Every structure is written in C-alpha cells, then in structure tokens.
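> Okay, here's the prediction I keep looking at, along with the sequence it came from:
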Amino acid sequence: MTMTMEEAIKTRHTIRTYDGRALAPEIARTLQSMIAEINRKAGLHFQLMNGIKDALAPYTIRYGKWTGVTNYISLVGKDGPHLDEQCGYYGEQLVLWAQQHGLKTGWVETRLENPAEGIPVPEIAAGERLVITICIGYSEATGSHHKIKTAEEMSETSDPANVPDWFRKGMACAILAPTAGNQQLFKIHLNGETLSIDTVPGFLEKVDLGIAKYHFELGSGIDHSRWE
Ligand SMILES: Cc1cc2nc3c(=O)[nH]c(=O)nc-3n(C[C@H](O)[C@H](O)[C@H](O)COP(=O)(O)O)c2cc1C
C-alpha cells in the first residue's frame, strides 16, 4: 500500500543502514522510467545503479557511516549554474516517490575517487558533473527526528498579519525538506504577490534549495512557474 505525499514528507528521514537487497524488478522498472522522463524533460543524466555489492566503495563520502548500500541514484548532469538546484528539485521527486512505496533513502555527498575493479560506476560524460547521490533500498530503520527551524525562521513575508493559507501550507512542507548537514540555509519570501527563494552560502546549499522548492510546491499547490 502506498502512503500519501503528506505522510511521505512527514515520515521521510535519512537512512544510512540498508539490508543489501537489490530493488525489486517492478520498483526498478518504474524508477528507470521516472528517471528517463526527468532526464528528457530537464536535460539531466540521472542514473539508477541497482544491485551492486559494495556499491559505495568507489566513493569518498563527505560524512556519516553508510552500510549495506546496494542501490543508488547518481545525480549527474551537464555542468552549469542551475545544475545543483535541478538535482535537488528532481532528486526529491524520486525520494518522496520511494518513501511512498516503502523504500528508504538518503542523500549523500560522494566523490568518485576510488574506482575499484568490478564495481560499476555511473557514466560521467565530458562537461558533466556528479553532484550528489541518493541511496535507495530496504531497511527496517525509520531514521530519527532532528531539531528543525520554524516556518517563521525560514520565511519572510511583506504582510505578516495576512499570510495566505497556501503559503503557510507550503512552509509546513518546506521546513521538512532534508538539507545537507541539516543546515536549513534557504529562506522563502513572499513580497506582495511575488514568491522567491534564496540561500546563504554553505555546502550543497543550492541542492537544498531545489529540494525545498519541491516541498513548498507540494504543500502550497503552486505551479513551478510561480517562482520569481
Ligand atoms: C544535499 C544533501 C547532502 C547530504 N549529504 C550527506 C552526507 O554526505 N552524509 C550523510 O550522512 N548525510 C548527508 N545528508 C543527509 C542530511 O544529514 C540529513 O538530510 C539531515 O541531517 C536531515 O535529516 P533527515 O534527512 O533524517 O530529516 C545530506 C542531505 C542533503 C539534502
């Protein structure tokens, strides 16, 4: 049984311990077609790596102890100023779909520094960059809740006494967006009718911004084109 998107947003946490199983064939097929559609629509080169023993061995990981990772999605694309944000925005669509379907996920910063014989790695063509990785698979773990900022801390509105309901709902989802190191550096602004988002510098903060945009759109029901 699948869970609602609201449940998926509320229950999702980073999982770092997996049971080592490859993705079930029908799950892998659906993910492949979602990834193909994202790649077609956004000009990205996301790749599903499924059923690989010691899948993360070729990588240096920024932080955290990850075990049993057998499947992951490599978020690769043509390098450019919007690549990080796009990876966040489209990657989170896959994360929340996975959560709805009983899978567990975790974003992890990976650098492909230790290629090992016999362990497949994604294709990174000339001019492309591997931005980040989403581990995906099965686990009994549910993750843990971390202290997060409030919607008021993460937003700014020109008329605080009359914040529209759609903006409140968007913020309720945006503050649950995963961020690198739980840094939560983005801020969402409503100035009159104008909606925008920005971030102060951190690490992978543009990926975080893309993830937060997607959460806000889900919660508020606004169209992607609404952002300034
Ligand atoms: C862009 C991004 C990069 C991340 N990189 C790492 C990482 O390198 N290692 C790690 O263990 N967790 C990583 N995380 C997971 C965050 O630490 C986690 O999302 C955050 O602490 C909030 O916890 P939650 O996802 O359980 O709600 C990353 C998350 C994001 C969104």
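That came through, no problem. Numbering: from 1, shown residues only.

> use CA for all of it now, contacts and neighbours both
Noted.

> Model confidence for the closest residue in space to residue 200 that isn't next to it in sequence, exactly?
Nearest residue to residue 200, sequence neighbours excluded (CA to CA, 6 or more residues apart in numbering): residue 185, at 5.9 Å. Listed pLDDT for residue 185 reads 98.

> let's have the chain start at 32 instead
Yes, from this point I'll number from 32; that puts the last item at residue 216.

> what are the phi and psi values for the residue nearest the centre of the chain?
Of all residues in the chain, the one closest to the mean position by CA atoms, centre = their mean is residue 123, 3.4 Å from it. Per-residue torsions, residue 123: phi -70, psi -20 (degrees, to the nearest 10).

> show me what contacts the nearest residue to it once chain neighbours are set aside?
Setting aside the residues directly before and after it, residue 123 is nearest to residue 242 in space (CA to CA, 6+ apart), at 5.7 Å. Residue 242 is in contact with 116, 119-123, 208-210, counting by CA atoms under 8 Å, 6 or more residues apart in numbering.

> Sort out for me which of those residues are in helices.
If you go by DSSP state H, the contacts of residue 242 have 116, 119-123 in helices.

> Please indicate which of these has the highest neighbour count?
Counting neighbours by other CA atoms under 10 Å, residue 119 comes out on top of the ones in helices among the contacts of residue 242 with 27 neighbours.

> any idea how far that one lies from the ligand?
Per CA to the nearest ligand atom, to the nearest Å, residue 119 is found 7 Å from the ligand.

> So that residue is in contact with residue 246, correct?
No. Residue 119 sits out of contact with residue 246 when judged by CA atoms under 8 Å, with a separation of 10.5 Å.

> what about residue 173, neighbour count?
12.

> what about the residue of the chain positioned farthest from its centre, which SS state?
For the chain, the C-alpha farthest from the mean C-alpha position belongs to residue 192; by CA atoms, centre = their mean, that distance is 32.5 Å. Here residue 192 is helix, with the state taken from DSSP: H, G, I helix; E, B strand; the rest coil.

> Spatially, which two of the contacts of residue 242 are the most separated?
121 and 210 (14.5 Å; CA to CA).

> Could you pull out the helices in the protein for me?
According to DSSP H, the helices that the chain contains are 36-42, 56-73, 114-131, 196-205, 236-251.
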